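Asks: let's see this in three dimensions:
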Amino acid sequence: MQKSGFKKLKLFGIVFAALIFALEINAQPTEKLSKADSLFQAKRYTQSLELYRGILEENYSSPAMLLKMAYISEGLERPAYALFYLNLYQLKTSDEAVSVKMENMAKDNGFSGYTAGTEDFLRSLFYRFRDQLILLVAAFAVFSISVAIYQKRKHQVRPVFPVLLAVFFIVGLFYLVNFTTVSSFGIIGDPASPVMAGPSSASDLLATSRAGHKVRIMNRGDVWVKILWNDRVAYIKRNHLRSFEEYL
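Replies: This is a model prediction of the structure:
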């Protein structure tokens with residue numbers, strides 16, 4: 001009876017894994033990506049870039065695709081777009097060499113907010129393994145709860161330590177899921193974006209920013225985004241800012 005139950009559980013696990021794999025494959029726009037790659041190989045860069053952009057808007061991107069988009073944008077003399085794609089690539093790969101390239105490109109074009117420091121590297125490294133960390137913490141939480149239930153039922157003792165561990169991991173899981181994103185940074189995307197002192201068009205104008213500057217996002221509203229501009233709090237309309245979170 002136990003063997004039969006184990007076989008059913010094993011079969012369910014195989015079917016579930018196959019279903020997840022099939023969903024992931026279907027989620028990738030393979031036909032569009034293949035066509036875009038073919039156009040890129042044929043050096044029809046502008047056509048391939050349009051397809052790549054459509055794929056990115058579908059919330060799919062690979063490191064190779066992002067590098068190609070950055071390469072094309074740089075060739076078309078659109079450094080702001082190139083930096084945006086390189087930022088996405090760096091968040092996916094934690095490639096320190098790309099951080100240096102972004103810093104140099106930003107310096108050459110007069111863009112602020114780019115550094116190749118340890119903080120940015122650690123942030124990208126954390127984002128790269130964030131999902132695996134969430135799964136690991138969730139597994140520890142389930143394990144701690146299981147140990148607590150076992151001790152309570154088998155030994156009739158109060159499982160104080162396992163319960164405390166379970167609470168610790170559950171709190172950690174809640175924090176990781178709800179408070180760790182890459183939305184804390186974005187790139188100004190429009191060539192003449194007003195940066196205001198308050199969340200209103202009637203507020204004082206602090207600057208008119210060109211596309212390419214990287215800013216820290218402090219809070220996001222429906223219309224206005226609270227940012228850090230030259231070490232002071234400022235506001236910019238949401239449609240003038242491209243946050244990394246929206247494309248990852």
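Asks: which SS state does Pro194 fall under?
Replies: When classified by DSSP: H, G, I helix; E, B strand; the rest coil, Pro194 comes out as strand.
Asks: tell me how this structure divides into domains.
Replies: 12-111, 129-179, 185-247 (automatic domain parsing).
Asks: for the first one, what is the distance to the chain centroid?
Replies: Taking CA atoms, centre = their mean, to the nearest Å, one finds the center of domain 12-111 at 13 Å from the center of the full chain.
Asks: pLDDT averaged over that domain - what is it?
Replies: The average pLDDT for domain 12-111 rounds to 85.
Asks: just send the domains of the chain back as JSON lines, with distance to Leu122 and mean neighbour count too.
Replies: In short, each C-beta sits where N, CA and C put it, glycine included. Below are the domains of the chain laid out as JSON lines (distance: least, CB to CB, whole Å; neighbours: other CB atoms under 10 Å):
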{"stretch": "domain 12-111", "distance to Leu122": "9", "mean neighbour count": "16"}
{"stretch": "domain 129-179", "distance to Leu122": "11", "mean neighbour count": "14"}
{"stretch": "domain 185-247", "distance to Leu122": "14", "mean neighbour count": "16"}
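Asks: show me the strands in this protein, by range?
Replies: Ranges of strands within the chain are 185-188, 193-196, 205-209, 214-220, 224-229, 232-237, 241-243, based on DSSP state E.
Asks: mind putting those strands into TSV with mean pLDDT?
Replies: TSV is the format used below for the strands of the chain (pLDDT from 0 to 100):
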stretch	mean pLDDT
strand 185-188	91
strand 193-196	95
strand 205-209	94
strand 214-220	89
strand 224-229	93
strand 232-237	95
strand 241-243	90
